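J.: The following block contains a protein sequence and its predicted model.
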Number of protein chains: 2
Amino acid sequence: MTLALARFVDFAVKGDEFGWLVALEGERNVPFPIKRAYYIFGTRPGVRRGKHAHRQLTQMMVCIAGRCTVLLDDGKASVEVELARNDRGLMLDRMIWHEMYDFSPDCVLLVLADNRYDEADYIRNYDVFKAACT
Amino acid sequence: MTLALARFVDFAVKGDEFGWLVALEGERNVPFPIKRAYYIFGTRPGVRRGKHAHRQLTQMMVCIAGRCTVLLDDGKASVEVELARNDRGLMLDRMIWHEMYDFSPDCVLLVLADNRYDEADYIRNYDVFKAACT
């Protein structure tokens, strides 16, 4: 269960004498079309973000600066994952309750999503989420 | 000419007591479908990156950590732009020679593109670029 919950995708890092580059391509190393990209930053100490699940949205998280911790919960089991590499994406499937915390001050968490923002797709109450999982 | 060369798109910053978030959506505040997202980091001091133009690719650059400078050249005029805000995208149209430099050590430059990588789309020789502009 734990392994199934935390699925990572490793990205190639193209480097040379100039510096580094990581490329994410929709329906290639990102397994869906990239309709939305958002980044979370300036998170205050002690804050937990996320705290919701999506009915349909599929996402991938990449910590491109600093570090943070992500909790994934599929209603049956949960796993805690540290994100501290900018060459590794964490898949965030539909119907996964997720919370992010322990952000370093410099953390920038990039999230790619397979659809645009839709408030109706959010489940923001954990009990409602649990009930929907059964 | 200068104004036309450097076109910016300002993004809404969604903030609350937890921290901040910027969302980029293809064909919304990003004026093309997002087929590729790449990020440049760990650039060494004194390095100039880019130094090419694209025959067809349209891109948008966002400096999501640190700062850097971008030179844009359409074959008739050039302009130098500082990128130091994570809520402002710089449009990079087709047939614009571009170079990036003066990267801060913590700089992460996110670039969104309307197509996947295609080496045939690159013009890597400035004289060839100039000739193609006339």
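T.: Looks like it arrived, so ask away.

J.: from here on, contacts and neighbour counts on C-alpha atoms
T.: Noted.

J.: so the most centrally placed residue in chain A bridges to which residues?
T.: The centroid of chain A falls nearest to A:Met61 when counting by Cα atoms, centre = their mean (3.1 Å). Judged by DSSP bridges, the bridge partners of A:Met61 are A:Leu90, A:Val111.

J.: Then the one 4 residues further on?
T.: Residues in a beta bridge with A:Ala65, per DSSP bridges, are A:Val108.

J.: Could you measure from the residue nearest to A:Ser78 when sequence neighbours are not counted over to A:His98?
T.: Computed as Cα to Cα, 6 or more residues apart in numbering or on different chains, the closest residue to A:Ser78 that is not its neighbour in sequence is A:Leu72, at 5.4 Å. To A:His98, A:Leu72 is 5 Å away according to Cα to Cα, to the nearest Å.

J.: Which residues outside stretch A:83-100 are in contact with it?
T.: By Cα atoms under 8 Å, 6 or more residues apart in numbering or on different chains, the surrounding residues in contact with stretch A:83-100 are A:6-13, A:22, A:48-75, A:126, A:129, A:133.

J.: Which positions in it come out as buried?
T.: Under the neighbour-count criterion of 16 or more other Cα atoms under 10 Å in any protein chain shown, stretch A:83-100 has A:83-84, A:86-93, A:95-100 buried.

J.: Show the end-to-end separation of stretch A:53-71, please.
T.: 12 Å.

J.: again, but for stretch A:10-18
T.: 22 Å.

J.: what distance separates stretch A:42-55 from the middle of the whole chain?
T.: Put simply, stretch A:42-55 sits 11 Å off its chain's centre (Cα atoms, centre = their mean, to the nearest Å).

J.: same question for it, mean pLDDT?
T.: Averaging pLDDT along stretch A:42-55 gives 96.

J.: what residues does chain A put near chain B?
T.: Within chain A, the positions adjacent to chain B are A:17-26, A:33-44, A:47-49, A:64-65, A:108, A:116 by Cα under 8 Å from any Cα of the partner chain.
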